[in-house]
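Enquirer: Attaching a predicted model along with its sequence, questions to come.
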Amino acid sequence: EAAVTQSPRNKVAVTGGKVTLSCNQTNNHNNMYWYRQDTGHGLRLIHYSYGAGSTEKGDIPDGYKASRPSQENFSLILELATPSQTSVYFCASGDAPSGQYFGPGTRLTVL
Amino acid sequence: GEKVEQHQSTLSVREGDSAVINCTYTDTASSYFPWYKQEAGKSLHFVIDIRSNVDRKQSQRLTVLLDKKAKRFSLHITATQPEDSAIYFCAASMETNAYKVIFGKGTHLHVLP
């Protein structure tokens, strides 16, 4: 079964601090994605990657960086966390155009 | 850019009845339309998809219909069961950038006993 894991599952950060969310997939998919989910907004794409070494901006990239050091790993980095970045973050993998496999999510609270 | 609209934020049906969730999209170049289910407190998982070369696809109790002329697609669930209660997201990706998938805001389906 396809597997996407995320760490940490819950994170409390302080405003101005650096936060790194990690994602690992064992599906051998080329494409990986970072989304955030907020009430009233649904799922919004932050960054995506179509292979090791590549990162592309999604619809709401401001305040976020991404890193894809290998086929399996894709990280989302908040250099200076703000309260507006409090959300649930989902990582996904999937070879377009086909269904994506989602990780369990990370609940981030920025105080 | 592409927008995907999900017109019902909430839908309630009686157990055993059918449920229909509707979505529209704006870009005529969209060619791939997946649906995802999110149960309470859990992540999303893929349930069914349709590509633009067909107008209907069925998988057990789920059927997806695609009307390219109206830029509309819908998820039909027959003989609903309590475990169908969840948030359902429709999505679309464009021919020009299959990597980028745009999601609707979700429809919360309640299956009532």
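Expert: Yes, it's here.
Enquirer: drop to CA atoms for contacts and neighbour counts, all remaining ones
Expert: Fine.
Enquirer: Quickly check: the helix or strand encompassing residue A:11 near chain B or not.
Expert: Using DSSP states H and E, residue A:11 falls within strand A:10-13. No. Using CA under 8 Å from any CA of the partner chain, strand A:10-13 never reaches chain B; the gap is at least 13.3 Å.
Enquirer: interface residues of chain B facing chain A?
Expert: Near chain A, the residues belonging to chain B are B:32, B:34, B:42-46, B:49, B:93, B:98-106 when assessed by CA under 8 Å from any CA.
Enquirer: in chain A, what residue is nearest chain B?
Expert: At 4.0 Å from chain B, residue A:42 is the closest residue in chain A, using CA to the nearest CA.
Enquirer: Would you confirm that that residue contacts residue B:107?
Expert: No. Applying CA atoms under 8 Å as the test, residue A:42 and residue B:107 come out as separate, 9.7 Å apart.
Enquirer: what about those two, which has more around it?
Expert: Using other CA atoms under 10 Å in any protein chain shown, the more surrounded residue of residue A:42 and residue B:107 is residue B:107, with 22 against 15.
Enquirer: still on that earlier bit, just list the residues touching the residue of chain A closest to chain B, thanks.
Expert: If a contact means CA atoms under 8 Å, 6 or more residues apart in numbering or on different chains, then residue A:42 has B:103-106 as its contacts.
Enquirer: I'd like those laid out as TSV, including pLDDT.
Expert: Below are the contacts of residue A:42 laid out as TSV (pLDDT from 0 to 100):
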residue	pLDDT
B:103	92
B:104	93
B:105	93
B:106	95
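Enquirer: ranking these by neighbours, who comes first?
Expert: Most neighbours among the contacts of residue A:42, by other CA under 10 Å: residue B:106, with 28 neighbours.
Enquirer: who touches that residue in this structure?
Expert: By CA under 8 Å, 6+ apart, residue B:106 lies in contact with A:42, B:6, B:8-9, B:87-90.
Enquirer: repeat for residue B:58
Expert: Residues counted as contacts of residue B:58 (CA under 8 Å, 6+ apart) are residue B:64.
Enquirer: partner residues bridging it?
Expert: Residue B:58 has these beta-bridge partners by DSSP bridges: residue B:63.
Enquirer: which residue packs closest to residue A:111, ignoring adjacent ones?
Expert: The shortest distance from residue A:111 to any non-neighbouring residue, by CA to CA, 6 or more residues apart in numbering or on different chains, is to residue A:14 (5.0 Å).
Enquirer: Tell me how far that neighbour lies from residue A:107.
Expert: 14 Å (CA to CA, to the nearest Å).
Enquirer: out of the two, which sits in the busier spot?
Expert: Higher neighbour count among residue A:14 and residue A:107: residue A:107, with 17 against 14, using other CA under 10 Å.
Enquirer: What residue, apart from its backbone neighbours, is nearest residue 93 spatially?
Expert: All of this is about chain A. In space, and not counting its chain neighbours, residue A:93 is closest to residue A:32: 4.3 Å by CA to CA, 6+ apart.
Enquirer: not quite, I wanted chain B
Expert: Nearest to residue B:93 is residue B:101, by CA to CA, 6+ apart, at 4.6 Å.
Enquirer: Wait, that neighbour touches residue B:91, no?
Expert: Yes. Using CA under 8 Å, residue B:101 is in contact with residue B:91, at 6.4 Å.
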